[in-house]
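Engineer: Need a 3D model of the following:
(chains A and B)
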Amino acid sequence: EAGVTQFPSHSVIEKGQTVTLRCDPISGHDNLYWYRRVMGKEIKFLLHFVKESKQDESGMPNNRFLAERTGGTYSTLKVQPAELEDSGVYFCASSQPPGGPYNEQFFGPGTRLTVL
Amino acid sequence: AQSVAQPEDQVNVAEGNPLTVKCTYSVSGNPYLFWYVQYPNRGLQFLLKYITGDNLVKGSYGFEAEFNKSQTSFHLKKPSALVSDSALYFCAVRTNTGGFKTIFGAGTRLFVKA
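Structural biologist: Below is the predicted model of the structure:
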């Protein structure tokens, strides 16, 4: 069974540019999550989709970040315009329905974003 | 606010010796505790979790962790370290009042020397 995949693995952009990260969850996983780890600090929750609906987006840092999951399959996270402090590793995770706080979340390898 | 603390940025241990990676948490509600490991250029891999029941939980690769409610700790342990255990370890918590979001610690880098 294929795991969670993320694309690209690395992205280097200049301040003010736009970047779109993609996550493909494990097939059949309705729950999809985005997390971010900045500068060796803790991994922070960004948002949670259930199918195509945003269940919890309390961790999104500001309106420069836009997450979508059209069709309830893969998800994209767009940063526009990117700022220096957006640099970090963006992780995607998915879990099976019906979900719950004790369900295992399967993580992808992450996308390392560097904003110059 | 819910939080997880991993007080050590780095832990060094000799191969064959026991290892401990510390974790304490602060949450409201019942905690569900997890340990993940990240090897270079890989995603986070699930090691073990505590949901309820026996305070000592066993996980992958010979790791185990002990839930201590009074000390709000969930330290990761292994009786005999391997060089291949060298990686970045994250402690995490969820609660039944916190929804699905996972609260992570900052991570502890484990170096096992041959």
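Engineer: what residues does chain B put near chain A?
Structural biologist: B:4, B:32, B:36, B:41-46, B:49, B:51, B:90, B:92, B:94-96, B:98-107 (C-beta under 8 Å from any C-beta of the partner chain). Every C-beta, even on glycine, is put in place using the N, C-alpha and C of the backbone.
Engineer: Now a ChimeraX select for only the buried ones of these.
Structural biologist: Entered in ChimeraX, the line below selects the buried ones among the residues of chain B next to chain A, by 16 or more other C-beta atoms under 10 Å in any protein chain shown:
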select /B:4,32,36,43,44,45,46,49,90,92,94,95,98,99,100,101,102,103,104,105,106,107
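Engineer: tell me, what residue is most central in chain A?
Structural biologist: A:W34 (3.1 Å; C-alpha atoms, centre = their mean).
Engineer: Report the separation between B:Y89 and chain A.
Structural biologist: Distance, B:Y89 to chain A, by C-beta to the nearest C-beta, to the nearest Å: 12 Å.
Engineer: Who does that residue form a beta bridge with?
Structural biologist: B:V37, B:T108 (DSSP bridges).
Engineer: neighbours of it, just the number please.
Structural biologist: When neighbours are counted by other C-beta atoms under 10 Å in any protein chain shown, B:Y89 registers 24.
Engineer: how many other residues sit next to the closest residue to A:N103 other than its chain neighbours?
Structural biologist: Once flanking residues are discounted, A:N103 sits nearest to A:S95: 4.7 Å by C-beta to C-beta, 6 or more residues apart in numbering or on different chains. Here the number of neighbours of A:S95 (other C-beta under 10 Å) works out to 20.
Engineer: hang on, isn't A:R22 packed against A:S75?
Structural biologist: Yes: using C-beta atoms under 8 Å, A:R22 makes contact with A:S75 at a distance of 7.3 Å.
Engineer: what is the mean pLDDT for the one helix or strand the residue nearest to the centre of chain A maps to?
Structural biologist: In this structure, A:W34 sits in strand A:31-37 according to DSSP states H and E. For strand A:31-37, mean pLDDT rounds to 94.
Engineer: which helices and strands sit right next to it?
Structural biologist: Counting by 3 or more C-beta pairs under 8 Å, 6 or more residues apart in numbering or on different chains; DSSP states H and E, the packing neighbours recorded for strand A:31-37 are strand A:43-50, strand A:75-79, strand A:88-95.
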